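**Q** pasting the structure only:
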């Protein structure tokens, strides 16, 4: 008897299902998601091709051997850091490829993944700050200076070049993310907000 009561209570209970996304909305989301995936593929393969080219160019550049070695070690270290961050990006790439993006909850989860990957992206650029500073030091040390330069002037030029480089790195990173990912993520956010209503 109690089992029948439990069954009837269970059937009467209003279990709210996760709202499904209409085929029309899925088609609207397909384009920005595919653009993000395509940009991620291009970024990955361009980096894979660019790293060996940089190492080869450095090797044939006419600077002393020890400076070549220092720069190549830095570039190899940068490749390791890049590999770590690409492993995080690959997780998002697989998530975007997931064919089960048919519910609002799955889209909310995807938006959370986008927010996390934006933080990874910013961390990626920030992780290049020490490499950039080391490369400036190596370049500064490898350039012969005449005696007319004082230590104060050299220090000023060194600090100025680091500040300029960091400024360029910050704004280039922000522009890159907004241009290749941010505008498509914004389109998906608008669609998610429309579906919440």
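**A** Thanks, I have the structure now. Just so we're clear, the structure is a prediction, and the values are computed from it rather than from any experiment. Residues are numbered from 1 along each chain as shown.
**Q** residues of stretch 115-125 that come out buried?
**A** Residues of stretch 115-125 classed as buried: 117, 120, 121, 124, 125 (neighbour count, 16 or more other C-beta atoms under 10 Å). Placement of C-beta: from N, CA and C, glycine included.
**Q** other residues contacting it?
**A** Contacts of stretch 115-125 from elsewhere in the structure, counted by C-beta atoms under 8 Å, 6 or more residues apart in numbering, are 81-82, 85, 88-89, 92, 169-170, 173, 177, 181-182, 185.
**Q** quickly note the distance from residue 188 to residue 37.
**A** 12 Å (C-beta to C-beta, to the nearest Å).
**Q** between these two, which is the more surrounded one?
**A** Between residue 188 and residue 37, residue 188 has the larger neighbour count (other C-beta atoms under 10 Å), namely 20 against 16.
**Q** which helices and strands does the helix or strand that contains the more buried one pack with?
**A** Using DSSP states H and E, residue 188 falls within helix 183-196. If you count contacts as 3 or more C-beta pairs under 8 Å, 6 or more residues apart in numbering; DSSP states H and E, helix 183-196 packs onto helix 23-60, helix 104-126.
**Q** run through who's touching stretch 160-175.
**A** 121, 122, 124, 125, 128, 129, 132, 133, 136, 140.
**Q** deepest of the helices and strands packed on helix 183-196, which one?
**A** Greatest average neighbour count among the helices and strands packed on helix 183-196 goes to helix 104-126 (a mean of 15), per mean count of other C-beta atoms under 10 Å.
**Q** now the helix holding residue 188: average pLDDT?
**A** What helix 183-196 shows for mean pLDDT is 83.
**Q** isn't residue 63 right next to residue 70, touching?
**A** No: at 9.7 Å, residue 63 does not count as touching residue 70 under the criterion of C-beta atoms under 8 Å.
**Q** settle it for me: which of the two has more neighbours?
**A** More crowded of residue 63 and residue 70, by other C-beta under 10 Å: residue 70, with 19 against 14.
**Q** which residue packs closest to the more buried one, ignoring adjacent ones?
**A** Nearest non-adjacent residue to residue 70, counting by C-beta to C-beta, 6 or more residues apart in numbering: residue 138, 5.1 Å away.
**Q** who's in contact with that neighbour?
**A** Per C-beta under 8 Å, 6+ apart, neighbours of residue 138: 67, 70, 71, 74.
**Q** thank you, goodbye.
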